[in-house]
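Trainee: requesting a structural model of the entry that follows:
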Amino acid sequence: MDVLQELYQTNVTKTTHTTPYPAISPTLPSLSQTGRTVLITGGATGIGLAIAHAFVQASASTVIIVGRRADKLAQASEELTAAVKQAGLSTNVVAQTCDVSDVKSIEALWDGFKEKDVVVDVLVSNAAKFANVAELLELGAEHVWSLFETNVKAPLFLAEKFYKQGADRAKAFINVSSNFVHLFQSKVMQGRLAYGLTKNSGTLVAQLVAQETPPEKVQVVSFHPGLVWSDEWPVEITKGMLPFTDVALSGHFAVWAASPEARFLHGRFVWSSWDVEDLKTGEVRERIDSDSAFLKIGVTGLRLGNLA
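Mentor: Alright, predicted model coming up:
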């Protein structure tokens, strides 16, 4: 159990959260997504569905969820539509099948948007592929490369399509990452390095897109959604054993990350558990403003060719 603590222990901000809190409530006027069309990959279940709910609560004009399974998409669409009705909102919910590991499937998705004059304002790259618990060389190059197709190539291709839409209005690219991108020294990563490797690479893609794109055009933020329980956890680990993150926190944080309030995090990686007021005004903010490499992927100990 001590090893598992490394999955959730953090001291970056003085205050941390596992449940939603007022500063990132999607119903805040400052976080309103009115007039925006939001695309969420892997949006039919789990974290992706929670993010969809949060954007509905933020009054997005259209929420588009995509995934591979038509049955799960239909269930999620029904659930979201009911939430829209219950809240008295007017969000249009769209569910569409798309396999993000298949370039042709992504092409077809964006071709459909173009035919219908749909412009996506917020892209949430959430779909991911996991690996069996095994060492890299036991998994083999072909299997590891299949993770790169979903966790690296897909976000890059989606970002490309998103960027090339045109339309002169501010956009946001939100990359749902993982703390596995930086836990390589932890024992909890034994047998899980393939996932960490590819999520690290996918997060670097988002970071470099941000480096070449001003936040006024496309705001880019990567975040770890938290230690979210699911039925995929080993049976011996129950919901009450660890301080699991309420999946609604992940959703609310995604909305906040897509808002102008989070512009100072352009190109950086953060945890959803970190308090946003501390991030905006505390010691962490001072370091963000003074250190261009802080909360970014690179080589520990080096700044260019010199010691950091």
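
Trainee: lowest-pLDDT helix or strand in this protein?
Mentor: strand 302-303 (a mean of 92; mean pLDDT, DSSP states H and E).

Trainee: now what about the following helix or strand past it, what contacts it?
Mentor: Heading C-terminal from strand 302-303, the first helix or strand you meet, by DSSP states H and E, is strand 306-307. Outside strand 306-307, the residues that touch it by C-beta atoms under 8 Å, 6 or more residues apart in numbering are Gly301. C-beta coordinates here come from the backbone N, C-alpha and C atoms, glycine included.

Trainee: same check, this time on stretch 179-188
Mentor: Under C-beta under 8 Å, 6+ apart, the answer for stretch 179-188 is 3-4, 6-7, 189, 192-193, 195-196, 199-200, 203, 224, 269, 271, 297.

Trainee: could you do stretch 95-113 as well?
Mentor: Against stretch 95-113 from outside (C-beta under 8 Å, 6+ apart): 41-42, 44, 64-70, 73-74, 76-77, 118-120, 127, 129, 146, 149-150, 153-154, 157-158, 161, 165.

Trainee: one step back: of the contacts of stretch 179-188, closest to Ser25?
Mentor: Taking C-beta to C-beta as the measure, Trp271 is the one of these closest to Ser25, at 18.6 Å.

Trainee: grab the nearest non-local neighbour of the closest one.
Mentor: The shortest distance from Trp271 to any non-neighbouring residue, by C-beta to C-beta, 6 or more residues apart in numbering, is to His224 (4.6 Å).

Trainee: I'd say the one you found and Asn175 touch.
Mentor: No - under the criterion of C-beta atoms under 8 Å, His224 is not in contact with Asn175, lying 10.4 Å apart.

Trainee: Ala167 touches Val119, doesn't it?
Mentor: Yes - counting by C-beta under 8 Å, Ala167 touches Val119, with 4.5 Å between them.

Trainee: and those two? Which one has more around it.
Mentor: Ranked by neighbour count (other C-beta atoms under 10 Å), Ala167 and Val119 place Val119 first, with 15 against 8.

Trainee: is that one in contact with Gln165, as I believe?
Mentor: Yes - with contact defined as C-beta under 8 Å, Val119 reaches Gln165; the gap is 5.5 Å.

Trainee: for the one helix or strand Val63 maps to, which outside residues touch it?
Mentor: If you go by DSSP H and E, Val63 is part of strand 62-67. For strand 62-67, contacts defined as C-beta under 8 Å, 6+ apart pick out 37-45, 48-49, 52, 55-56, 73, 76-77, 80, 91-98, 100, 109, 118, 120, 127.
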